[in-house]
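Chemist: got a sequence here, can you model it:
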Amino acid sequence: MWRRRVASFGHAFRGVWAALGSEVHLRFHAVATAVVTGLGFYCGISRLEWALVAISVACVWAAELMNTAIEALTDLASPDFHPLAGKAKDVAAGAVLLAALGAVVVGALVFGPYVFGR
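Modeler: Have a look, this model is predicted:
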């Protein structure tokens with residue numbers, strides 16, 4: 001039983017690495033995550049601020065990975081153009097956009113006072 005549980009983590013990490021290798025937007029999110037993490041250490045943000053930043057980063061990554069999965073499944077199910085396939089991809093991309101905009105708002109609220117003075 002433990003072997004299967006450990007293996008499932010391996011499959012999940014393999015999925016993240018595969019997405020990082022194929023998705024330009026996810027690589028952008030990886031760079032943004034590194035920048036935000038470095039800025040957090042530089043500014044000495046509080047534990048609560050770290051929590052807000054971590055949740056925001058996780059939401060963007062999760063949305064981007066779900067978008068990638070939906071795009072792959074849509075391409076498999078509908079290799080030719082279909083309006084519903086396009087709608088599915090657009091809605092999934094919209095979820096990423098909303099998560100990213102939410103993260104930008106959190107970033108502005110957390111880092112704004114450190115960058116622009118209190």
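Chemist: immediately after the helix or strand hosting Leu52, which helix or strand?
Modeler: Assessed by DSSP states H and E, Leu52 sits inside helix 47-77. Later in the chain than helix 47-77, the nearest helix or strand by DSSP H and E is helix 83-116.
Chemist: which parts of that following helix are buried?
Modeler: Neighbour-count burial for helix 83-116 flags 85, 88-89, 92-93, 95-96, 99-100, 103, 106-107, 110-111 (criterion: 16 or more other C-beta atoms under 10 Å). Every residue, glycine included, has its C-beta placed from N, CA and C.
Chemist: from the chain's centroid, how far away is it?
Modeler: Distance of helix 83-116 from its chain centroid, counting by C-alpha atoms, centre = their mean, to the nearest Å, is 9 Å.
Chemist: avg pLDDT for that helix?
Modeler: Helix 83-116 shows a mean pLDDT of 97 in the predicted model.
Chemist: now do stretch 11-25
Modeler: 92.
Chemist: what residues does it touch?
Modeler: Residues from elsewhere that reach stretch 11-25, judged by C-beta atoms under 8 Å, 6 or more residues apart in numbering: Leu26, Arg27, Ala30, Glu64, Leu65, Thr68, Val96.
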